[in-house]
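Chemist: Structure of the sequence below:
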Amino acid sequence: MTGTRTAGPLLLGVRHHGPGSARAVRAALDETHPRAVLIEGPPEADTLLPLAADEEMRPPVALLAHAVDDPGRAAFWPFAEFSPEWIAIRWALAHDVPVRFIDLPAAHSLAMAETDRDGAAEDQEDGESGEPSAPEPATAPVDPIRVLAETAGYDDPERWWEDVVEHRVPGSGEAAGPLAAFAALGEAMTALREAYGDGGHPRDAVREAYMRLQLRAAAKEFGDDFAVVCGAWHVPALRTRTTLTADRALLKGLPKAKAELTWVPWNHRRLARHSGYGAGIESPGWYEHLFTARDRPIERWMTKVAGLLRDEDRFVSSAHVIEAVRLAETLAAMRGRPLAGLSETTDAVRAVMCDGSDIPLALVHDRLVVGSTLGEVPDTAPAVPLQRDLTRLQRSLRLKPEEGERDIELDLRKDTDAARSRLLHRLRLLSVGWGEPATGRNSTGTFRESWRLRWEPELYVRVAEAGVWGTTVLSAATARAESDALAATALAEVTALAERCLLADLPDALPVVMRALADRAALDSDVGHLADALPALARTLRYGDVRSTDTTALGEVAAGLAERICVGLPPACTGLDAEGAEALRRQVDGVHTAIGLLAGSVPSSADGLRTRWRAVLHKLTLRDTVAGVIRGRAARLLLDDGHLAHDAAARLMGLALSPGTPPADAAAWIEGFVGGAAGGGMLLVHDERLLALVDSWLTGVPADTFNDVLPLLRRTFSAYESGVRRTLGDLVRRGPVAGGAAGNGSPAGAAATAPGFAPVLDTARADAVVPVVRLLLGLDARPEPGAPAHHDDPHLGETA
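Modeler: Residues are numbered from 1 along each chain as shown. Sure, this is the predicted structure:
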């Protein structure tokens, strides 16, 4: 061997997640073959170390520690395939050598973090992502790699580390050999500790005192024939000779919490420094490549990049790969580097494969430089009962956690998809945000759902927190729903919870939620609260047929709420300021939609409820004391439902826009009538009588008040699509049209005067496109030759 070993244990100071350090650790252990290996990490995890040799354990993984009485108080210790600590663990297990963790126990770390949750992040070079924080230091923490790089004349610490460690060629010069490299790095860290002390990490003194105690215990058992793998920053402190009494004094009186530990999967994104991980690196995917590439790392890297870009339909040939390799090597030579590093390969890829564009280069950085690898842990790893049940469900439903974001479409008429939906909704109730509902191309019906899934390592902590509610996903979600129902103070909270219970299929929780709902509804007389609560309740009733749930009790409560809204809404619409009127306008929209749903879900009261609601809307349109935006919206809702003739709508608009109406009130009426609601712009396109009324009013607004109404008008008309705005502009420039809509108030009459419209609707041509539209919407399967274009499905009418 080259280099020498000083008296005492073999101290291997490393950079966490550095492939150069990992290779050097493996070489040093092969060369010295110590009797034991000690590693920086929580000693409570010693019993979990044998799992690292399991064939089903695939890094990146992490040790997760959480407080038993507060699972949300947690810490992680990540390990990648190229982490020096992981290499040391695997070496020790493969050679049947005792291996132990020697850092401060997690029981102390978690308790200390609780005492100062707002402290600064732990050791920037050495602290793990979940390592409890230390109190805010008086000065910024020292980054030892950056200091050494600047001392060597580098402005980029990652580039310096690559040159002196990752690209170091063994066997060249007197510094060759792993032991000499560790000795040199130890000397550098000693100089830094002499200059900077604890480097802004006051908690390190406690951690290092505990480590020294573990080294003394190991020396009694193995003599000096053992190796210690730790952050290079700690090496000088572990070499320092201190008394046993002094070290014990530093540890006296430390707070303590009962902790549980296990292995969990990790991913490369969480290893990246931009994620907030204190010991993170800039390029986990690149470092993994350097560690695993058997030879010719640059050529292999360029081949990976070319494959990725080809998958994204970019033209990249073998000639591009060859030229990129040549350019990277040339850049390294020009910059005086021993080998091409990440900066050279990135510049070469940008110039040769990306045509100088940073857009495809961002994809390379995300997918390869950082990477999306998600680790795996064996089933034998300890886990809370809730996590075991979730894992079982994920496997039985073939819904594997994945690191990347993906969208799935669920058809609730299929048993497997219905079970997946229930699982995702139950997890949302438990605040385990694995999936979020999304808008999908086939999600218009009650029997279809779209979800966006993304699994993050932190969700294991959320599952541990949710374990207090039960040992299975079903029992935990039920208990959580019952607790939330009893704790809810607002009626809308309870109705939203009722909807979530039906979506999650929690029949045991529903009676508790219903009692809470009845109690809150009976006590709440605020129309706004009732209006907020009704839409969720009405949506809930839609799920009865698809999810085979009895919604009779919900229907009765919903019908009662709707009746009370019909009685209390007109008085509530008076005396409102602009903000209150807009809020109530949104609530009117929600109630209108909800009553439409209730009419189909509660047949016994359908006709009476619809009639009473129409009477309320008519009443709102005629009351001058009602805010303009609400009067306008009530008129529009009646018009859209066919319960207000175009002549009547034009008459109401004429009254609202009459000279005696303040411009601000008139503008608010216009916003309510043609703003927000779907098709507001098209209504003006097809009914030029209404457009002429708006145009005439707008040109007559006095100059001194025009600026006051302009923001309201801009908000109304800017919501239209550009094509609608352009058509309206053309119609206004053309001037008012005689006859047409003004003559009979019918859409057909209006359409006859507009370019591109026939005098009457051609029903045959309209019917011809229906099969194609149904196919595009996913309502029908593609018909076989000669088969009918669509089939009878009891759900299709509801969806269409």
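
Chemist: what's the longest strand in the protein?
Modeler: Secondary structure of the chain per DSSP state E: the longest strand is strand 70-79.

Chemist: Summarise which helices and strands the helix or strand that that one is followed by is packed against.
Modeler: The C-terminal neighbour of strand 70-79 among helices and strands, as given by DSSP states H and E, is helix 84-94. With contacts taken as 3 or more C-beta pairs under 8 Å, 6 or more residues apart in numbering; DSSP states H and E, helix 84-94 sits against strand 10-14, helix 19-32, strand 37-39, strand 70-79, strand 99-101, strand 227-231. C-beta: built from backbone N, CA, C; applies to glycine.

Chemist: still on that earlier bit, what's in contact with the longest strand of the chain?
Modeler: Here strand 70-79 makes contact (C-beta atoms under 8 Å, 6 or more residues apart in numbering) with 17, 41-42, 45, 59-67, 85-86, 89, 106, 109-110, 113-114, 128-132, 257, 264, 266, 270-271, 277, 384, 457, 461, 464-465, 467-468.

Chemist: Pull the distance from that strand to the chain's centre.
Modeler: 19 Å (C-alpha atoms, centre = their mean, to the nearest Å).

Chemist: now do stretch 361-380
Modeler: 17 Å.

Chemist: Flag every buried residue along it.
Modeler: Going by neighbour count (16 or more other C-beta atoms under 10 Å), the buried part of stretch 361-380 is 361, 363-365, 367-375, 377.

Chemist: With residue 240 as the reference, measure out to residue 209.
Modeler: To residue 240, residue 209 is 10 Å away according to C-beta to C-beta, to the nearest Å.

Chemist: what's the answer for residue 347, then?
Modeler: Using C-beta to C-beta, residue 347 is found at 44 Å from residue 240.

Chemist: Comparing those two, which residue is more hemmed in?
Modeler: Between residue 347 and residue 240, counted using other C-beta atoms under 10 Å, residue 347 has the larger neighbour count: 16 against 11.

Chemist: Tell me who's in contact with the more buried one.
Modeler: 327, 328, 331.

Chemist: For the last one, which non-adjacent residue is spatially closest?
Modeler: Residue nearest to residue 331 in three dimensions, not counting chain neighbours: residue 344, with 4.3 Å by C-beta to C-beta, 6 or more residues apart in numbering.

Chemist: quick one: low-confidence parts of the stretch 601-750 of the chain?
Modeler: 601-607, 676-680, 735-750 (pLDDT under 70).

Chemist: tell me which residues in the host helix or strand of residue 463 are buried?
Modeler: Element membership for residue 463 (DSSP H and E) is helix 459-466. For helix 459-466, burial by neighbour count (16+ other C-beta under 10 Å) applies to 459, 460, 461, 462, 463, 464, 465, 466.

Chemist: Could you verify my assumption that residue 466 touches residue 386?
Modeler: Yes - using C-beta atoms under 8 Å, residue 466 is in contact with residue 386, at 6.0 Å.

Chemist: For these two, list the residues in contact with both.
Modeler: Listed as contacting both residue 466 and residue 386 by C-beta under 8 Å, 6+ apart are residue 476.

Chemist: pull the CA atoms of stretch 36-56 into CSV?
Modeler: In CSV, the C-alpha atoms belonging to stretch 36-56 read as follows (Å, rounded to 0.1, in the frame of the first residue of the first chain):
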residue,chain,number,x,y,z
ALA,A,36,-15.1,-3.5,12.9
VAL,A,37,-16.6,-0.6,11.0
LEU,A,38,-18.2,2.4,12.8
ILE,A,39,-20.4,4.8,10.8
GLU,A,40,-21.8,8.2,11.4
GLY,A,41,-25.6,7.6,12.0
PRO,A,42,-28.2,6.9,14.7
PRO,A,43,-27.2,3.9,16.9
GLU,A,44,-30.8,2.9,17.3
ALA,A,45,-30.6,1.7,13.7
ASP,A,46,-28.0,-0.9,14.4
THR,A,47,-30.6,-3.7,14.3
LEU,A,48,-31.7,-2.5,10.9
LEU,A,49,-28.2,-2.7,9.3
PRO,A,50,-28.5,-6.4,8.2
LEU,A,51,-31.4,-5.4,5.9
ALA,A,52,-28.9,-3.5,3.8
ALA,A,53,-27.7,-6.9,2.5
ASP,A,54,-31.2,-8.0,1.5
GLU,A,55,-31.5,-8.5,-2.3
GLU,A,56,-34.7,-6.4,-2.3
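
Chemist: pLDDT of it, averaged?
Modeler: Stretch 36-56 carries an average pLDDT of 96.

Chemist: in that stretch, what counts as buried?
Modeler: Residues 36-46, 48-49, 51-52, 54 are the ones in stretch 36-56 that count as buried (16+ other C-beta under 10 Å).

Chemist: Then stretch 54-66?
Modeler: 54, 57, 59, 60, 61, 62, 63, 64, 65, 66.

Chemist: How confident was the prediction at the third one?
Modeler: Looking at residue 59, its pLDDT reads 94.

Chemist: Quick one: residues contacting it.
Modeler: 79, 80, 81, 83, 86, 266, 375.

Chemist: rewinding a little: now the residue nearest to residue 331: how far from residue 72?
Modeler: For residue 344, the distance to residue 72 - C-beta to C-beta - is 44 Å.

Chemist: Who has more neighbours out of the two?
Modeler: Between residue 344 and residue 72, residue 344 has the larger neighbour count (other C-beta under 10 Å), namely 23 against 10.

Chemist: For the more buried one, list the residues it contacts.
Modeler: Shown in contact with residue 344 (C-beta under 8 Å, 6+ apart): 328, 329, 331, 332, 335, 337.

Chemist: Can you check these and name whichever has the most neighbours?
Modeler: When neighbours are counted by other C-beta under 10 Å, residue 328 leads the contacts of residue 344 with 27 neighbours.

Chemist: tell me which element that one falls in.
Modeler: Assigned by DSSP H and E, residue 328 falls within helix 318-334.

Chemist: For that helix, C-alpha coordinates in PDB please.
Modeler: Output of helix 318-334 as PDB, limited to C-alpha atoms (Å, rounded to 0.1, in the frame of the first residue of the first chain):
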ATOM      1  CA  SER A 318     -24.300   8.400 -33.400                       C
ATOM      2  CA  ALA A 319     -22.300  11.200 -35.100                       C
ATOM      3  CA  HIS A 320     -23.800  13.700 -32.500                       C
ATOM      4  CA  VAL A 321     -22.600  11.400 -29.700                       C
ATOM      5  CA  ILE A 322     -19.100  11.200 -31.100                       C
ATOM      6  CA  GLU A 323     -18.800  14.900 -31.700                       C
ATOM      7  CA  ALA A 324     -20.200  15.700 -28.200                       C
ATOM      8  CA  VAL A 325     -17.500  13.500 -26.600                       C
ATOM      9  CA  ARG A 326     -14.800  15.200 -28.600                       C
ATOM     10  CA  LEU A 327     -16.000  18.600 -27.700                       C
ATOM     11  CA  ALA A 328     -16.200  17.700 -24.000                       C
ATOM     12  CA  GLU A 329     -12.700  16.400 -23.900                       C
ATOM     13  CA  THR A 330     -11.400  19.400 -25.900                       C
ATOM     14  CA  LEU A 331     -13.100  21.800 -23.400                       C
ATOM     15  CA  ALA A 332     -11.500  19.900 -20.500                       C
ATOM     16  CA  ALA A 333      -8.100  20.200 -22.000                       C
ATOM     17  CA  MET A 334      -8.500  24.000 -22.700                       C
END
